[in-house]
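Chemist: return atomic coordinates for the entry below.
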Amino acid sequence: ILVKVFAQALRPKKDEDGQETVEHPLSLFYLIIPCLSMYHVESLLQAKEATRRGPGAKNLAYFTDDGFAVGLAFVLKILGQDD
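Modeler: The predicted structure is shown next:
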């Protein structure tokens with residue numbers, strides 16, 4: 001249900017020929033995914049190192065984050081770029 005609601009607001013409008021009526025700002029979102037992914041991995045590694053080196057943290061803490069992948073998949077689905 002969330003995908004349908006957000007898709008109506010965020011997907012570009014199309015005319016009867018199936019062409020976008022106006023160039024949508026998010027129509028090329030998929031092009032920045034490699035850069036976003038690299039930045040996410042770098043920030044995960046930095047957070048893991050900070051957790052490992054923290055005061056009194058003798059490998060008792062474990063850092064994990066899966067929100068980026070889920071959020072990215074959701075945005076791609078909403079924009080219709082998940083093919």
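Chemist: packing partners for the lowest-mean-pLDDT helix or strand in the chain?
Modeler: Between all helices and strands in the chain, the lowest mean by mean pLDDT, DSSP states H and E belongs to helix 2-10, at a mean of 81. Applying 3 or more CB pairs under 8 Å, 6 or more residues apart in numbering; DSSP states H and E, one finds that helix 2-10 contacts helix 67-79. Where you see a C-beta, it was placed from the backbone N, CA and C, and this is true even at glycine.
Chemist: so, low pLDDT: which residues of this protein?
Modeler: Per-residue confidence for the chain (pLDDT under 70) gives these ranges: 20-22, 54-64.
Chemist: any idea how far residue 14 is from the residue nearest to the spatial centre of it?
Modeler: With distances taken as CA atoms, centre = their mean, the residue of the chain nearest its centroid is residue 72 (2.5 Å). Distance check for residue 72 against residue 14: by CB to CB, to the nearest Å, it reads 24 Å.
Chemist: quick check on the nearest residue to residue 23 once chain neighbours are set aside: phi, psi?
Modeler: Nearest in space to residue 23, with sequence neighbours left out and distances taken as CB to CB, 6 or more residues apart in numbering, is residue 12 at 7.8 Å. In this entry, residue 12 is assigned phi and psi values of phi -70, psi 150 (degrees, to the nearest 10).
Chemist: any idea how far the host helix or strand of residue 47 is from the chain center?
Modeler: In this assignment (DSSP states H and E), residue 47 forms part of helix 33-53. Distance, stretch centre to chain centre, for helix 33-53: 14 Å (CA atoms, centre = their mean, to the nearest Å).
Chemist: again, but for stretch 71-83
Modeler: A distance of 8 Å separates the C-alpha centroid of stretch 71-83 from that of its chain, computed with CA atoms, centre = their mean.
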